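1. no sequence for this one, just the structure:
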């Protein structure tokens, strides 16, 4: 090898190193930059968008998506997917309402809703692992089954409860007397759950196993990771988080609605993928999911500020964002390769 050849190799390697660094920066900061740009554009175009009241409404709406998105982040990191999360949230909200109607205390009703969500996750995890079924097929079936179960429990109607106890205040802007809380209690709960899940990812063996399974399941199995047990725990945990999201959904709308949270699975999956998680597994962060959820809420809220904006246009935009997020995920994986 001549003395000039190493210099040529370094020169050839330079653009690849630059592209790799640019891809990493875009992957980490891209969602945040996108959120700032979109929010700034709506704030400039619509004065009502930048009011404190509108910001509070967006935060309250985002809390439900973030809570469900934390579970979806765990699932996607492990290489799975859950299309039933919206139906699960609706079913859990109906369970909370039915328990309150039966005379249970608010805490017991909330616990029942969370337990129902966890049970759904256990069923999904068991079908995926024990019967070796594809998560897409299993959760697609559960999407319809849980929605039907919610309608059956509610007798094809909504379940209205007059006395909801402290659940009423979960997603309500604090009164002047409680302004020291700054935001609604449900938002503090969501933040606490986000910190908890981030801690699991970073500091626990379970969190390391999640990333290992998503990166290469066979290698993880050969390294001694109990793949099936971990996957069942992942879907059960995600189901419990969907149950908490169902409690928040009940608190937000004030009733158990079996048709509620329709399409939430799209918002949740989009939030996770926009936040940098890979649909192939092995990559994802809690902070990215939060940013992705905020971006989805900002887009939905901003679109409502247009005069005569139809709901169908919002759905088109949501679907387009998911496709773009999937394309960006593909580009990120290509850059890492």
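-> Arrived safely, thanks for sending. Bear in mind that the values here come from a model prediction, so they are computed numbers and not experimental data.
2. can we go C-alpha only for contacts and neighbour counts from here?
-> Fine.
3. contacting residues around the residue lying closest to residue 210 once chain neighbours are set aside?
-> Once flanking residues are discounted, residue 210 sits nearest to residue 78: 5.0 Å by Cα to Cα, 6 or more residues apart in numbering. Neighbouring residues of residue 78 by Cα atoms under 8 Å, 6 or more residues apart in numbering: 210-215, 231, 281-282.
4. Give me the distance between residue 78 and residue 286.
-> From residue 78 across to residue 286, the span is 14 Å (Cα to Cα, to the nearest Å).
5. Low-confidence regions, the stretch 51-200 of the chain specifically.
-> By pLDDT under 70, the stretch 51-200 of the chain contains no weakly predicted segment.
6. what about the strands in it?
-> Along the stretch 51-200 of the chain, counting by DSSP state E, counting those that start in this stretch, strands occupy 159-160.
7. burial count for residue 144?
-> Residues lying near residue 144 (other Cα atoms under 10 Å) number 15.
8. That one reaches residue 87, doesn't it?
-> Yes. Counting by Cα atoms under 8 Å, residue 87 is a contact partner of residue 144 at 7.5 Å.
9. neighbouring contacts of stretch 238-248?
-> Contacts of stretch 238-248 (Cα under 8 Å, 6+ apart): 63-65, 67-68, 70-72, 74-75, 85, 88-93, 96, 110, 113-122, 170-171, 186.
10. so what's the residue positioned nearest the centre of the chain closest to, chain neighbours aside?
-> By Cα atoms, centre = their mean, the chain has its centre lying nearest to residue 69, at 1.4 Å. Sequence neighbours aside, residue 268 is the residue nearest to residue 69 in space, at 5.2 Å (criterion: Cα to Cα, 6+ apart).
11. Can you classify that neighbour by secondary structure?
-> Three-state call for residue 268 (DSSP: H, G, I helix; E, B strand; the rest coil): helix.
12. my read: it touches residue 65, true?
-> Yes. Using Cα under 8 Å, residue 268 is in contact with residue 65, at 5.8 Å.
13. Mutual contacts of these two, please.
-> Jointly contacting residue 268 and residue 65 under the rule Cα under 8 Å, 6+ apart are residue 293.
14. residue boundaries of the helices in the stretch 201-337 of the chain?
-> 205-215, 217-222, 227-253, 264-274, 286-304, 311-336 (DSSP state H, counting those that start in this stretch).
15. now for those, which one comes closest to residue 44?
-> Comparison of those against residue 44 by Cα to Cα identifies helix 286-304 as nearest, at 11.0 Å.
16. quick one: the closest one to chain centroid distance?
-> 11 Å (Cα atoms, centre = their mean, to the nearest Å).
17. Could you check the angle that helix makes with helix 264-274?
-> Using axes from the mean of the first three to the mean of the last three Cα atoms, to 10 degrees, the direction of helix 286-304 lies 120 degrees away from that of helix 264-274.
18. per-residue confidence for residue 17?
-> Per-residue pLDDT puts residue 17 at 58.
19. Check residue 218 too.
-> In this model, residue 218 is scored at 92, pLDDT.
20. what's the burial count for it?
-> Residue 218 is flanked by 13 other residues according to other Cα under 10 Å.
21. same question, the one 4 residues further on
-> The local packing count at residue 222 equals 10, with neighbours defined by other Cα under 10 Å.
22. Pull the contacting residues for it.
-> Contacts of residue 222 by Cα under 8 Å, 6+ apart: none found.
23. For the remainder of this discussion, apply numbering that starts at 36.
-> Got it, first residue is 36 now, which makes that one residue 257.
24. Starting from residue 249, give me the distance back to it.
-> Distance from residue 257 to residue 249, counting by Cα to Cα: 14 Å.
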